[in-house]
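S.K.: Here is the input, now give the coordinates:
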Amino acid sequence: MKKTMKTLCGILRLMLAGCVIGLALPSRVAAEVSDADFNALKETVQKLGEQVQNLQQSNIVQQQTHAQDLQQIQQLQQKLTETQQIATNAEQKSIEASMTQPMPRQPIDEATVNHNFMMMGDAEFQYAKIAGQHGAFLQADFAPIFLYRGGDNILFEAGFDTTLANNAPGSGGYTTTFNLSFAQLDYVMNDYMTFAGGELILPLGTYTERGAGWLNKIPDNPLAVDALLPGTGLGVELRGGIPVGNAGESLNYEVYVVNGPGSSDTTGTSGAAGNLDLGGNVGVLSDGSTVANLHGHPSGGARLGFFVPFKPHYDLEVGVSGQSGEWDDAGNHLWSAGVLDAALHLGASFEAKGEYIATRYGSDDIGTHYQQGWFVQAGYKLAGLDLELPLINNLEIVGRYDSLHGIYDSADNAFDFKTRRYTVGYVYYFTNTLLFEGDYEFLNSNDPSQADQFILQLSLGF
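M.R.: Purely as a prediction, here's the structure:
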């Protein structure tokens, strides 16, 4: 700005000097300048003078504004320094107060409590047509599972099973049952180990933990799983998984101690083979009284599994598990079980799994009782055919073969029973959790109570 003012002043001086020189020229030269030119030059000089004056005034105003800004900045810096000092003093006083006074009890955050609570489960109802009998709606089942997270390391889960069953095939009327299926408290000790206690789902194979209810794509359970294995047990467990490779391989383990099977003693002879109760070591004596603990030694069990992923949706898992312990009140006889399990996935459309189960237990009346069974089950989703047909793409074709075989080794009580079952069926997916299932079961058995049957089931997982 100062440079501009100097330039204008220089121009003004030159013009004034030109005017003086013009006046000093001889009259002949002066006569050559007209009055109009002189007036125009005069007007220009006046305008330049006004501009110079305006620039000077603007410069003065800017200098005053700059001085005011500097003053405001200084005031703000002083206030900031005072505020920082006040905050430092308040923090120091808060620390001193917290060291001398107990922390107040924090109120429960209801939103957090509700966020940590969840309900899952499934519901089904069935229609069945058994060979030689009229078809009927067989049962309705509701099985909620309640989950609660009590912190970063504490988990609780409990499952209930409410069933309304039609007894018409065997007798009149309906039967309603309500049971606590399982209830366990988990404490996550580290990334590789979790402690669990309560009514545990036993890891004898994987079907009971991972395939029961609506997760099973066939309406009923394999014969050997229902007849030979306890589903739950009251006790404690350590479980977890350990990575063993860089491609996702892992070694899964479960080790547990539970009460184990017991005797439902209604005859006073708890060692009789027919009194074996897989539900737990609680018996009913011949006088009708209940005995809470028929034997003093719990059962022990474990499972070891190996999981190998090949690529997304392609994996294989194999496992071996077992359990053994006393089952009669005298502690003279053992019940033992061993299970081999495997599961295979080849893409998003194909799944196959199966288990081999063998059990044995001693008794007073028929000696050692051997039982074994196995099943293999497979399913293929027709969406894998890429036919772009809505109804076809929602279908999965399933099949299962399972068998059950039992034999006594007593010469006086020789008995051998066999049942083989072939099942073919389908699953129609209305959604990923709403399934319409149907199957036909062909039975071949030396037990006359067994018969072919057709089952329809609507399942909802939530």
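S.K.: can you list the weak-confidence ranges in the stretch 101-250 of the chain?
M.R.: Counting by pLDDT under 70, the stretch 101-250 of the chain shows low-confidence ranges at 101-115, 167-173.
S.K.: buried sites along stretch 228-244?
M.R.: Residues L228, L229, P230, G231, T232, G233, L234, G235, V236, E237, R239, G240 are the ones in stretch 228-244 that count as buried (16 or more other CB atoms under 10 Å). C-beta coordinates here come from the backbone N, C-alpha and C atoms, glycine included.
S.K.: can you give me the helices for the stretch 151-300 of the chain?
M.R.: 207-210, 223-228 (DSSP state H, counting those that start in this stretch).
S.K.: pLDDT averaged over the helix or strand where K42 lies, what's the number?
M.R.: Secondary structure assigned from DSSP states H and E places K42 in helix 35-100. Regarding helix 35-100, the rounded mean pLDDT is 69.
S.K.: mind putting the buried residues of stretch 228-244 in a markdown table, distance to R400 included?
M.R.: Below are the buried residues of stretch 228-244 laid out as a markdown table (distance: CB to CB, whole Å):
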| residue | distance to R400 |
| --- | --- |
| L228 | 17 |
| L229 | 17 |
| P230 | 22 |
| G231 | 19 |
| T232 | 24 |
| G233 | 26 |
| L234 | 31 |
| G235 | 31 |
| V236 | 34 |
| E237 | 29 |
| R239 | 28 |
| G240 | 31 |
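S.K.: mind listing the helices for the stretch 351-462 of the chain?
M.R.: With DSSP H, counting those that start in this stretch as the criterion, the stretch 351-462 of the chain has helices spanning 390-393.
S.K.: follow-up on the earlier one: ok, and which of the helices of the stretch 151-300 of the chain has the densest surroundings?
M.R.: helix 223-228 (a mean of 20; mean count of other CB atoms under 10 Å).
S.K.: Mind giving me the packing neighbours of it?
M.R.: strand 350-361, strand 369-381, strand 395-408 (3 or more CB pairs under 8 Å, 6 or more residues apart in numbering; DSSP states H and E).
S.K.: residue contacts, I392?
M.R.: I392 is in contact with L382, A383, L385, counting by CB atoms under 8 Å, 6 or more residues apart in numbering.
S.K.: If you drop the residues flanking it in sequence, what lies closest to the last one?
M.R.: It stands for L385. I392 (7.5 Å; CB to CB, 6 or more residues apart in numbering).
S.K.: Tell me which of the helices and strands packed on helix 223-228 sits nearest to E124.
M.R.: Among the helices and strands packed on helix 223-228, the nearest to E124 by CB to CB is strand 395-408 (15.8 Å).
S.K.: ok so, going back, next, format the helices and strands packed on helix 223-228 as TSV and append distance to I145.
M.R.: As requested, these are exported to TSV (distance: least, CB to CB, whole Å):
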stretch	distance to I145
strand 350-361	22
strand 369-381	23
strand 395-408	24
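S.K.: Dump those strands to a markdown table, plus distance to S263, mean neighbour count and mean pLDDT.
M.R.: Shown next, in a markdown table, are the helices and strands packed on helix 223-228 (distance: least, CB to CB, whole Å; neighbours: other CB atoms under 10 Å; pLDDT from 0 to 100):
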| stretch | distance to S263 | mean neighbour count | mean pLDDT |
| --- | --- | --- | --- |
| strand 350-361 | 11 | 20 | 95 |
| strand 369-381 | 14 | 19 | 94 |
| strand 395-408 | 18 | 19 | 90 |
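S.K.: For S250, which of those strands is the nearest?
M.R.: Across those, closest to S250 is strand 350-361 (CB to CB), at 17.9 Å.
S.K.: tell me which strands and helices the longest strand seen in the chain is in contact with?
M.R.: Counting residues, the longest strand in the chain under DSSP state E turns out to be strand 174-190. Counting by 3+ CB pairs under 8 Å, 6+ apart, the packing neighbours recorded for strand 174-190 are strand 154-166, strand 193-201.
S.K.: L251 touches V308, doesn't it?
M.R.: No. Judged on CB atoms under 8 Å, L251 makes no contact with V308 at a distance of 10.5 Å.
S.K.: Show residues contacting stretch 425-441.
M.R.: 214, 217-220, 379, 394-399, 421-424, 452-462.
S.K.: Show me which of those residues are buried.
M.R.: Of the contacts of stretch 425-441, these count as buried by 16+ other CB under 10 Å: 214, 217-220, 379, 394-396, 398-399, 421, 423, 453, 455-461.
S.K.: Relative to E317, how far out is W214?
M.R.: 21 Å (CB to CB, to the nearest Å).
S.K.: Over to V244?
M.R.: For V244, the distance to E317 - CB to CB - is 13 Å.
S.K.: which residues does G461 bridge with?
M.R.: D122 (DSSP bridges).
S.K.: From A123, how far off is Q453?
M.R.: The value you get for Q453 to A123, if CB to CB is used, is 22 Å.
S.K.: same thing with L223?
M.R.: 24 Å.
S.K.: Same check on V188?
M.R.: Applying CB to CB to V188 and A123 gives a distance of 30 Å.
S.K.: how's the chain carved up into domains?
M.R.: As assigned by automatic domain parsing, the chain contains the domains 2-100, 119-461.
S.K.: wait, G211 sits on K353?
M.R.: Yes. Taking CB under 8 Å as the definition, G211 is a contact partner of K353 at 7.5 Å.
S.K.: So M119 sits against A143, correct?
M.R.: No. Between M119 and A143 there is no contact under CB under 8 Å: 11.2 Å.
S.K.: Looking at those two, which one has more neighbours?
M.R.: Set side by side, M119 and A143 show more neighbours around A143, with 19 against 10, by other CB atoms under 10 Å.
S.K.: which residues does E351 contact?
M.R.: A343, L344, H345, A378, G379.
S.K.: quick check, nearest of these to L138?
M.R.: Closest to L138, out of all of the contacts of E351 and judged by CB to CB, is G379, at 22.8 Å.
S.K.: just checking, the closest one touches T423?
M.R.: No. Using CB under 8 Å, G379 is not in contact with T423; the gap is 11.5 Å.
S.K.: residues bridging contact with those two, i.e. touching both?
M.R.: Common neighbours of G379 and T423 (CB under 8 Å, 6+ apart) are V398, G399.
S.K.: Can you tell me the closest non-neighbouring residue to G322?
M.R.: That would be G338: by CB to CB, 6+ apart, it lies 4.4 Å from G322.
S.K.: Is it correct that the one you found is in contact with A302?
M.R.: No. Using CB under 8 Å as the test, G338 is too far from A302 to be in contact (11.0 Å).
S.K.: any common contacting residues for those two?
M.R.: With contacts defined as CB under 8 Å, 6+ apart, the residues shared by G338 and A302 are S321, G322.
S.K.: follow-up on the earlier one: could you export the helices of the stretch 151-300 of the chain as TSV, including distance to A136?
M.R.: As requested, the helices of the stretch 151-300 of the chain are arranged in TSV below (distance: least, CB to CB, whole Å):
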stretch	distance to A136
helix 207-210	27
helix 223-228	21
